[in-house]
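sequence unknown, structure follows:
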Ligand SMILES: [Zn+2]
């Protein structure tokens, strides 16, 4: 019996709250790597924000690690990388190390002070992600790709069981993007971290993800990439030709 | 920030004036002469001269610091609807002249109460060179006359006479009564002047120091006293640390045992100075304006000055006769 | 005039002591407030203090006693600003504007109903850094300890919500609580420090050291430290400069802060030019 990590039942949120989701039900089990895809404005980001309790839900329910999202408090088990473009105040005076360190707060209880061990944890991860050299730089001074990696480090530093990534490759060039997907796939495979990744890179994510969730306000498909490629609904949505291109790009 | 709050407070004052003005206007549809004054001494003198025959009101709301006062639209309406408007001088109410240009001078009579008084120039603040009061040749204000003319009681008599002239011209029918009231008031002022002269003639100290703005120059001149204040004529400027220290040194070197504090404004600075120099604080009322309680008690100018005399005699260690 | 002589005056000693304590706590709070786009909260809460002081004076509660009215009212107002930004989705400055307008109009209405005061309201509203009493130094020290203790305990939480509220929540930070702590500490500081040193100093000490530090700081901790340093230096230097030049003390402190800000901008440009060449 696989362990349930994320589950939703009839999840929806009202348009009045600036949200467009309707009747979403799916279950993610431990070790899954789910690619959440769909056109612009289809509610991909909103869906993950609803899972994290960042936007109010008007109908149905969502569960993280078996407990309802609105009362969820085991944040140490979750890592979240938001869409970076909405995030950064360019004059924010925090260093890379300070920002990444904030990811450790979820493991601490009041008063949340950092120890030498915490600093070593941060340094080790920065080293692993190849951004140790910029650890004393201000977050606002970095390129989009570097910021993305810093925020990924922030999401991973607490060694979460569930990693939720919202458009993590938006600011990356194609080559870095490819490496990034590879890195996430490694994390998923070697550490057994469950991954939810929002992207509109349907073809690329298909190479790595174990499951695909196709969203356009409603959930139109949820299953393996294989099934996604042979799904008649997807064929009618994209047309046979594009579906073929998407599924056999490499 | 402070200006913003000033604006706000002015709006408040306007609202107050509007409310009181309205109710009075409705009640008093009578033909009585309507008199509007600015400061408290003018109000009190006019009230005494008027007796029952005229309705006298004051522009300044109770408790308000007078030097930063500027009339609001409602005040101007009140002035222009009155039959007689009395202000102190262009040094005290620099706004008066501009406003009066816009009013109908046929129905409104205006009294410049300071006409013909003997003016003092400038101020003797602490920290300025002690050139002696009265002859500050290098005064910065173009027309830098000390506006607190009512604190010289011979000037007060001139003011009373100026007000009387206004009353007589505005309401000739009641002139005899106004003349009698003014004469009685002048007699009381003369008596007050005599009591001050006697009461302050044999004092251990002739210096009095004041933790507020420069108010009592006229009083000092008339009775031959030395007077220094912490701030200049306008009470708006904030003193520097150097001026505070100079005042402390002055208190210590002059050997006074009391420091005088002004009315209405917070006495914090005065108390700080007194604490620093180890002296006590006594009140000295400049009579610009009254607090709400004093207004309701109906306290008069002469009464205020009697209280001041008692405090001065205490502060200067005078032998009472 | 030598320094020892200047220091021999008790009111100078008290101004230096209470002034630096208040400067440090305003500067540190200011870094969080400026980054959260709540820079003008000091002015807004000052307006509410005006309104509540009008109530207090109407009941003849002067200086210290007026705090009994002001403190709870201003604390509530600060939470009101927070609620408006959360629930009504208003930006910080709009929320502050609304609350300060309510504060002012309440004051005006009360004043017009009351028909004047026994004293000049404005002069009782504002303290002066040169007229701080011994008891007020203790109040400033107490306030300093409370604010610094809470800032210390919640430092990382505050940094997290200042960086990004959503991320902070996903890191298990109770954002509502931390936001409330921040604005209530600000409210407490504004109300008490206003009586001590006046609002002009408070609102400039909440903003200027923070924006100067933002020009130069190479980390968040450095930013806090730089802001505190500037606040502290400006008060000490301001008091001495005011002594030597015979200028009003509070205004001198504000001008020094502006000077520091200009210097920080210049220095940043210089350093930027150097590192890019
Ligand atoms: Zn005056």
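Received it, and whenever you're ready, just let me know what you need. Owing to the predicted nature of the structure, the values given are computational and were not obtained by experimental measurement. Numbers count the residues shown, from 1 in each chain, chains lettered A, B, ... in the order given.

so stretch A:57-74, near chain C or not?
Yes: judged by Cβ under 8 Å from any Cβ of the partner chain, stretch A:57-74 and chain C are in contact via residue A:73. In short, each C-beta sits where N, CA and C put it, glycine included.

would you mark the buried spots in the top strand by length along chain A?
Longest strand in chain A, counting residues (DSSP state E): strand A:4-12. By 16 or more other Cβ atoms under 10 Å in any protein chain shown, the buried positions in strand A:4-12 come out as A:5-8, A:11-12.

now residue B:215: closest residue in space, sequence neighbours ignored.
Nearest non-adjacent residue to residue B:215, counting by Cβ to Cβ, 6 or more residues apart in numbering or on different chains: residue B:286, 4.2 Å away.

what do you get for residue A:97?
Per Cβ to Cβ, 6+ apart, closest to residue A:97 is residue A:135, 4.4 Å.

isn't the one you found right up against residue A:94?
No: look at residue A:135 against residue A:94 with Cβ atoms under 8 Å: they stay out of range, at 11.5 Å.

hey, which helix or strand in chain B has the poorest pLDDT?
When the helices and strands of chain B are compared on mean pLDDT, DSSP states H and E, helix B:2-27 comes out lowest with a mean of 49.

can you give me the neighbour number for the closest residue to chain C within chain A?
Chain C sits closest to residue A:75 of chain A, with a gap of 3.6 Å, by Cβ to the nearest Cβ. Residues lying near residue A:75 (other Cβ atoms under 10 Å in any protein chain shown) number 20.

show me the contacts for it.
If you count contacts by Cβ atoms under 8 Å, 6 or more residues apart in numbering or on different chains, residue A:75 has them with A:106, C:170-172.

which pLDDT value goes with residue 235?
In the absence of a named chain, chain A is used. As predicted, residue A:235 sits at a pLDDT of 76.

chain C was what I was after
Predicted confidence (pLDDT) for residue C:235: 96.

surely residue B:182 meets residue B:160?
Yes: between residue B:182 and residue B:160 there is a contact under Cβ under 8 Å: 5.5 Å.

the two - which one has more neighbours?
Using other Cβ under 10 Å as the criterion, residue B:182 and residue B:160 rank with residue B:160 on top: 24 against 21.

quick one: list the elements packing against the helix or strand hosting that one.
In the assignment (DSSP states H and E), residue B:160 maps to helix B:153-170. Packing contacts for helix B:153-170, counted by 3 or more Cβ pairs under 8 Å, 6 or more residues apart in numbering or on different chains; DSSP states H and E, involve strand B:33-37, helix B:40-50, strand B:84-87, strand B:109-112, helix B:175-199, helix B:217-222.

TSV for the ones you listed, including mean pLDDT and distance to chain C?
Formatted as TSV, the helices and strands packed on helix B:153-170 follow (pLDDT from 0 to 100; distance: least, Cβ to the nearest Cβ, whole Å):
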stretch	mean pLDDT	distance to chain C
strand B:33-37	94	16
helix B:40-50	96	12
strand B:84-87	94	20
strand B:109-112	91	24
helix B:175-199	96	25
helix B:217-222	94	21
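
where does the stretch 51-200 of chain B get nearest to chain A, residue-wise?
Counting by Cβ to the nearest Cβ, the stretch 51-200 of chain B gets nearest chain A through residue B:68, at 39.8 Å.

how much space between that residue and residue B:289?
The gap separating residue B:68 from residue B:289 is 11 Å, by Cβ to Cβ, to the nearest Å.

who has more neighbours, these two?
Shown here are residue B:68 and residue B:289; by other Cβ under 10 Å, residue B:289 has more neighbours (26 against 16).

test my guess that the more buried one contacts residue B:60.
Yes: counting by Cβ under 8 Å, residue B:289 touches residue B:60, with 4.9 Å between them.

list residues touching both of those two?
By Cβ under 8 Å, 6+ apart, residue B:289 and residue B:60 have these common neighbours: B:39-40, B:66.

looking at those residues, spot the one nearest residue B:305.
residue B:40 (11.7 Å; Cβ to Cβ).

give me the number of residues near that closest one?
As a measure of burial, residue B:40 has 25 neighbours, counting by other Cβ under 10 Å.

hang on, residue A:220 in a helix?
No: counting by DSSP: H, G, I helix; E, B strand; the rest coil, residue A:220 is not part of a helix but strand.

and the residue nearest to residue B:215, what does it touch?
B:148, B:151, B:212, B:215-216, B:262-263.

likewise residue A:220?
Taking Cβ under 8 Å, 6+ apart as the test, what residue A:220 contacts is A:38, A:214, A:233-234, A:237.

of those, buried ones?
Neighbour-count burial (16+ other Cβ under 10 Å) applied to the contacts of residue A:220 gives A:38, A:214, A:234.

pretty sure the last one sits against residue A:223.
No: Residue A:234 sits out of contact with residue A:223 when judged by Cβ under 8 Å, with a separation of 10.1 Å.

hmm, the lengthiest helix in chain C touching chain A?
Assignment by DSSP state H gives helix C:249-276 as the longest helix of chain C. No: for helix C:249-276 and chain A, the contact criterion (Cβ under 8 Å from any Cβ) is not met; the two come no nearer than 10.1 Å.

which other helices and strands does that helix contact?
By 3+ Cβ pairs under 8 Å, 6+ apart, helix C:249-276 packs against helix C:199-216, helix C:220-245.

among those helices, which is nearest chain A?
In terms of Cβ to the nearest Cβ, the element of the helices and strands packed on helix C:249-276 nearest to chain A is helix C:220-245, at 4.2 Å.

tell me the buried residues in the closest one?
C:220, C:223-243.

which among those residues are in contact with chain A?
C:220, C:223.

tell me which of the contacts of residue A:75 fall in helices.
Checking these against DSSP H, those in helices are residue C:170.

can you tell me which of the contacts of residue A:75 has the most neighbours?
So for those (other Cβ under 10 Å), the most neighbours sit at residue C:171, 29 neighbours.
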